[in-house]
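Colleague: following is a predicted model, sequence given first.
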Amino acid sequence: MSGVNDATTWPTGQALIDTIRGAVVEEGTASFWHLGQASWIVKSARETVAFDLFLLPSTGQLQRRFEPPVAPADIDFLDVAFCSHDHLDHLDPYAVEGIAKASPRTIFVVPESAAAATTRLVGTPSRVVIGQVDAEIIVGGVRVRTVPAAHGTARDPVAECVWERDPVEGWRFVGFVVDIGGVRVYHAGDSEIYPGMVERLAPLGIDVALLPINGRDWFRERHGIIGNMDEREAAFLANAIGARVLVPMHYDMFEGNPGSPGRLVDLCAAQFPGQAVVVPGRCQRWTWRPS
């Protein structure tokens with residue numbers, strides 16, 4: 001990992017770590033780094049948080065399109081780490097365990113169904129906080145509201161989409177609405193559109209909506225690749241909830257599960273010309289400054 005940034009590479013390794021750690025963020029703004037898939041680091045003037053960090057290197061059965069830009073052992077500066085559900089590319093045991101050791105102050109926020117597994121990885125129950133759906137909590141200086149997500153739990157031929165609380169496991173899939181540095185960020189996790197979703201989110205005044213765009217189809221789901229909303233649905237959702245800016249995610253990690261940021265931009269330009277869309281460069285800093 002050279003840390004060189006040119007037309008064909010992006011910041012990685014210690015260069016990226018030093019950039020994030022040393023970034024000076026103005027009051028009332030938030031800086032974002034997209035590490036691929038649904039993985040984000042977000043920094044304000046006072047706090048640094050992460051969402052769904054997926055840092056497991058490629059294996060024989062799991063081939064990433066690009067290797068993790070950083071190692072968990074080097075991430076020693078997080079106040080809060082969010083994990084939206086217990087699928088490997090969102091709750092990565094390698095990442096959780098490594099960050100828990102490297103950054104003793106980090107608090108992990110997860111849905112109730114993932115609390116036990118996360119606690120085993122972190123080792124200290126007090127560092128794992130359950131995000132209760134439709135309730136607000138303060139964690140590490142940031143205000144957090146957990147909302148349901150709609151994702152699949154079955155396979156062959158089509159995954160069963162679930163957005164309600166399981167009576168045994170509790171909430172399986174969630175998203176997080178996080179206030180950091182005066183900016184309200186919605187990280188949807190893995191989700192499709194579900195009944196009541198717009199009504200839940202529209203009153204919250206979301207500044208930045210991080211939405212998956214990889215879609216779903218019968219052919220992928222019969223092979224266990226459970227999908228999400230697609231580009232069109234993400235565009236319509238962002239508009240419906242009044243998000244000030246839409247940022248796509250979950251489109252770049254696996255050859256068999258892509259999405260198209262370009263198609264998203266074209267859709268918004270045609271259907272919702274007032275909807276701002278930002279596609280940050282991989283591992284490049286992007287800063288949201290409310291107008």
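Modeller: Noted; the coordinates are in hand. Treat the numbers as computed from the prediction; the structure is a model and nothing was measured. Numbers count the residues shown, from 1 in each chain.

Colleague: helices of the stretch 1-150 of the chain, start to end?
Modeller: Applying DSSP state H, counting those that start in this stretch to the stretch 1-150 of the chain gives helices spanning 13-22, 93-102, 115-122.

Colleague: so in terms of bridging, what pairs with residue 48?
Modeller: For residue 48, the beta-bridge partners are residue 43 (DSSP bridges).

Colleague: might you report the residue contacts of it?
Modeller: 20, 41, 42, 77, 78, 79 (Cβ atoms under 8 Å, 6 or more residues apart in numbering). Yep, even glycine has a C-beta here, placed from its N, CA and C like the rest.

Colleague: can you rerun that using 7 Å?
Modeller: 41, 77, 78, 79 (Cβ atoms under 7 Å, 6 or more residues apart in numbering).

Colleague: for the helices of the stretch 1-150 of the chain, which one sits closest to residue 220?
Modeller: Of all the helices of the stretch 1-150 of the chain, helix 93-102 sits nearest to residue 220, with 24.1 Å by Cβ to Cβ.

Colleague: now do that closest one against helix 115-122, angle only.
Modeller: 60 degrees (axes from the mean of the first three to the mean of the last three Cα atoms, to 10 degrees).

Colleague: model confidence over helix 93-102, on average?
Modeller: Per-region confidence: helix 93-102 scores 98 on mean pLDDT.

Colleague: off-centre distance for that helix?
Modeller: Its chain's average C-alpha position is 17 Å from that of helix 93-102, according to Cα atoms, centre = their mean, to the nearest Å.

Colleague: thinking again about what came up before, using TSV, lay out the helices of the stretch 1-150 of the chain together with distance to residue 201 and mean neighbour count.
Modeller: Output for those, formatted as TSV (distance: least, Cβ to Cβ, whole Å; neighbours: other Cβ atoms under 10 Å):
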stretch	distance to residue 201	mean neighbour count
helix 13-22	28	17
helix 93-102	27	20
helix 115-122	24	18
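
Colleague: what does stretch 248-257 contact?
Modeller: 34, 36-38, 64-65, 89, 210-214, 220, 225, 228, 234, 258-261, 264, 279.

Colleague: buried sites along that stretch?
Modeller: Buried residues in stretch 248-257, defined by neighbour count with 16 or more other Cβ atoms under 10 Å: 248, 249, 250, 251, 252, 253, 254, 257.

Colleague: tell me which of these is nearest to residue 190?
Modeller: Using Cβ to Cβ, residue 250 comes nearest to residue 190 of the buried residues of stretch 248-257, at 7.2 Å.

Colleague: look up the closest residue to the closest one, ignoring the ones flanking it.
Modeller: residue 212 (3.5 Å; Cβ to Cβ, 6 or more residues apart in numbering).

Colleague: give me the distance between residue 154 and residue 221.
Modeller: Distance from residue 154 to residue 221, counting by Cβ to Cβ, to the nearest Å: 9 Å.

Colleague: next, the distance between the ends of stretch 25-42.
Modeller: 10 Å (Cα to Cα, to the nearest Å).

Colleague: which residues touch it?
Modeller: Residues contacting stretch 25-42 (Cβ under 7 Å, 6+ apart): 20, 23, 43-45, 48-54, 66, 69, 89-90, 180-183, 185, 187, 189, 210, 212, 249-250, 252-253, 280, 282-283, 285-290.

Colleague: which of these are buried?
Modeller: For the contacts of stretch 25-42, buried by 16+ other Cβ under 10 Å: 20, 43-44, 48-54, 69, 89-90, 180-181, 183, 185, 187, 189, 210, 212, 249-250, 252-253, 280, 282-283, 285-286, 288.

Colleague: pull the worst-scoring helix or strand of the chain on mean pLDDT out as CSV, backbone CA atoms only.
Modeller: Averaged element by element with mean pLDDT, DSSP states H and E, the chain has its least confident helix or strand at helix 218-221 (a mean of 87). Output of helix 218-221 as CSV, limited to C-alpha atoms (Å, rounded to 0.1, in the frame of the first residue of the first chain):
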residue,chain,number,x,y,z
TRP,A,218,-33.7,-13.7,-9.0
PHE,A,219,-30.4,-14.9,-10.5
ARG,A,220,-28.2,-13.3,-7.8
GLU,A,221,-30.4,-14.2,-4.9
